[in-house]
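Undergrad: sequence? don't have it. structure:
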């Protein structure tokens, strides 16, 4: 408890003569008991530098663990939105880790997520170094985006959310969600000859899950093929680490990551010229029409013959 200062504090202080005050060296002060205060000795630069580095690393570690983290794009499945390839200098992206604590993933979001069990159950991953020090450096480098990320982490774009039905494709090669053809300007084609998407059976997205696809549509194994496709290819919302916000490296690629909503301008399939089908299926209506025409033609001839006979008799 702090004691109040006596109003007679000045009287309690022993008087000092002017000569005593004059004898006191400049730059030194005396305490209440008249003792001289020693100036604090500053640490040298080389002592403070390691401390500053450790503090900076701790703050960066906390920031990346709870708020945002840098990830390296390891493959070309998200070209040309995100650049990556095995052994090359892929884009490094800043991933927002708290956005989905307050909102749900929406169509168009580019997300980083832990591979669900069906995605990784049959995969083999490289083991970490047996050297403890090297393993430590690898883990630290991964945290700060300086080393290859965990290969069990994936980056894809959300196409549909819980309760929606996804299938491929309409006559214009657009993915369909709930009967509407998506607007996907971000889709990347490796060549003009590969501008056709492989069809897949309709998939209804389970509760608390999302359906994801890569922007490099013909060079991405995603919800269509991971885990065998179908519901096993969907991603639980709980596996999502965060939303890709910014490309931070290299400098030539600086910028935000597009989160264009493909469902915002989606068109009903009827307007989009209906569903596409394999060529042999497209020939079914023509074949059916030709087969059905023979009975109709034969019946028509019989009716016409009967009418002629009736007319001749009346004559």
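TA: Perfect, I can see it now. Nothing here was measured: the structure is a model prediction, and the numbers come from that model. Numbers count the residues shown, from 1 in each chain.
Undergrad: how close does the residue nearest to residue 120 when sequence neighbours are not counted get to residue 255?
TA: Spatial nearest neighbour of residue 120, chain neighbours left out: residue 152 (5.5 Å); criterion: Cβ to Cβ, 6 or more residues apart in numbering. For glycine as for every other residue, the C-beta is placed from the backbone atoms N, C-alpha and C. Here the criterion is Cβ to Cβ, to the nearest Å. By it, residue 152 lies 27 Å from residue 255.
Undergrad: Pick out whichever of these two has more residues nearby.
TA: Between residue 152 and residue 255, residue 152 has the larger neighbour count (other Cβ atoms under 10 Å), namely 13 against 9.
Undergrad: show me where pLDDT drops low in the stretch 101-250 of the chain?
TA: 123-151 (pLDDT under 70).
Undergrad: Where do the strands of it begin and end?
TA: Residue ranges of the strands in the stretch 101-250 of the chain, as given by DSSP state E, counting those that start in this stretch, are 110-114, 153-161, 165-168, 175-177, 180-181, 200-204, 209-213, 235-236, 240-249.
Undergrad: Tell me the strands beside the fifth one, with direction?
TA: Meaning strand 180-181. Sheet pairing of strand 180-181 (DSSP bridges) gives strand 175-177 (antiparallel), strand 267-268 (antiparallel).
Undergrad: Format those as TSV; extra columns: mean neighbour count and distance to residue 102.
TA: Listed next are the strands paired with strand 180-181 as TSV, based on neighbours: other Cβ atoms under 10 Å; distance: least, Cβ to Cβ, whole Å:
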stretch	mean neighbour count	distance to residue 102
strand 175-177	23	25
strand 267-268	14	31
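Undergrad: Just send those back as a markdown table, with distance to residue 60 too.
TA: Output for the strands paired with strand 180-181, formatted as a markdown table (distance: least, Cβ to Cβ, whole Å):
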| stretch | distance to residue 60 |
| --- | --- |
| strand 175-177 | 39 |
| strand 267-268 | 46 |
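Undergrad: do you know which of the ones you listed lies nearest residue 243?
TA: Taking Cβ to Cβ, strand 175-177 is the member of these nearest to residue 243, at 19.8 Å.
Undergrad: What are the contacting residues of that closest one?
TA: Residues outside strand 175-177 that contact it (Cβ atoms under 8 Å, 6 or more residues apart in numbering) are 107, 159-160, 164-170, 181-182, 184, 197, 213, 262-263, 266, 269, 275.
Undergrad: let's see it at 7 Å
TA: The contact list for strand 175-177, computed with Cβ atoms under 7 Å, 6 or more residues apart in numbering, reads 159-160, 164-170, 182, 263, 266, 269.
Undergrad: Mind checking which of these are buried?
TA: Among the contacts of strand 175-177, those classed as buried by 16 or more other Cβ atoms under 10 Å are 159, 160, 164, 166, 167, 168, 169, 170, 182, 263, 266, 269.
Undergrad: Go ahead and confirm the third one touches residue 178.
TA: Yes: using Cβ atoms under 7 Å, residue 164 makes contact with residue 178 at a distance of 5.4 Å.
Undergrad: which residues sit in contact with residue 266?
TA: 177, 180, 181, 182, 183.
Undergrad: is the residue nearest to residue 80 when sequence neighbours are not counted in a bridge, and if so with what?
TA: Counting by Cβ to Cβ, 6+ apart, residue 188 is the residue found nearest to residue 80 once chain neighbours are left out, at 4.9 Å. Going by DSSP bridges, residue 188 is paired in beta bridges with residue 216.
Undergrad: pretty sure residue 188 contacts residue 215?
TA: Yes: using Cβ under 7 Å, residue 188 is in contact with residue 215, at 5.3 Å.
Undergrad: These two: who's more crowded?
TA: residue 215 (21 against 17).
Undergrad: residues contacting the more buried one?
TA: Residue 215 touches 78, 79, 81, 157, 186, 187, 188, counting by Cβ under 7 Å, 6+ apart.
Undergrad: do residue 79 as well
TA: Counting by Cβ under 7 Å, 6+ apart, residue 79 touches 188, 215, 216.
Undergrad: and the gap between residue 105 and residue 46?
TA: Using Cβ to Cβ, residue 105 is found at 48 Å from residue 46.
Undergrad: Neighbours of the closest residue to residue 267 other than its chain neighbours, how many?
TA: Counting by Cβ to Cβ, 6+ apart, residue 181 is the residue found nearest to residue 267 once chain neighbours are left out, at 5.2 Å. By the criterion of other Cβ under 10 Å, residue 181 has 26 neighbours.
Undergrad: With residue 264 instead?
TA: 10.
Undergrad: Where does it sit: helix, strand or coil?
TA: Secondary structure assignment for residue 264 (DSSP: H, G, I helix; E, B strand; the rest coil): coil.
Undergrad: Use 37 as the first number from now on
TA: Let's use 37 as the start, then, which means that last one is residue 300.
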